[in-house]
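A.B. asks: how would this look folded up:
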Amino acid sequence: MKATRQSKKSKSSKKEGGKQKGYSLKKFDETRIGFLMKHEAPIEYKLLMDVCEFLKYSKPPPELIEHIGYASQDTFFRKTKYWRCLKDYRKYGLRPPYAVVTNKNKELYYIHIRINKYIY
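C.D. replies: Below is the predicted model:
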């Protein structure tokens with residue numbers, strides 16, 4: 001007679017429905033695309049927010065962001081960084097793996113970029 005190994009049946013845990021643990025809803029400014037648009041393309045960001053407010057969207061749809069990018073002459077919308085961020089926004093929406101927050105050094109850096117872009 002062959003000895004067979006019998007494993008204990010584990011208790012199957014019920015999976016709870018609802019949102020994923022640890023991923024809370026963020027503001028659009030705290031997503032990568034929102035943060036970059038706010039700091040590198042403020043005119044298009046303001047336009048996007050005004051359109052969303054007028055159409056009563058709670059969050060900007062990725063298609064609208066893409067259309068504004070195609071219509072803009074800003075070089076930010078031609079960068080691969082923009083397309084990567086838009087891809088992440090399509091995947092995660094307002095539940096990104098991490099929120100992008102600002103500090104003094106980032107603010108100074110983006111102020112410098114805006115001055116060089118719009119004044120010089």
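
A.B. asks: now do the residue most central in space within the chain, the pLDDT please.
C.D. replies: Closest residue to the average C-alpha location of the chain: residue 31 at 3.3 Å, with CA atoms, centre = their mean. Residue 31 carries a pLDDT value of 95.

A.B. asks: what do you get for residue 25?
C.D. replies: Confidence at residue 25, expressed as pLDDT, is 88.

A.B. asks: what's the answer for residue 15, then?
C.D. replies: The model's pLDDT for residue 15 equals 61.

A.B. asks: what do you get for the one 5 residues further on?
C.D. replies: The predicted local distance difference test score for residue 20 is 61.

A.B. asks: now do the contacts for the residue nearest to the centre of the chain.
C.D. replies: For residue 31, the contacting residues are 85, 88, 89, 92, 94, 96, 99, 100, by CB atoms under 8 Å, 6 or more residues apart in numbering. In short, each C-beta sits where N, CA and C put it, glycine included.

A.B. asks: what about residue 86, how many residues nearby?
C.D. replies: By the criterion of other CB atoms under 10 Å, residue 86 has 19 neighbours.

A.B. asks: wait, it sits on residue 67?
C.D. replies: No - using CB atoms under 8 Å, residue 86 is not in contact with residue 67; the gap is 11.5 Å.
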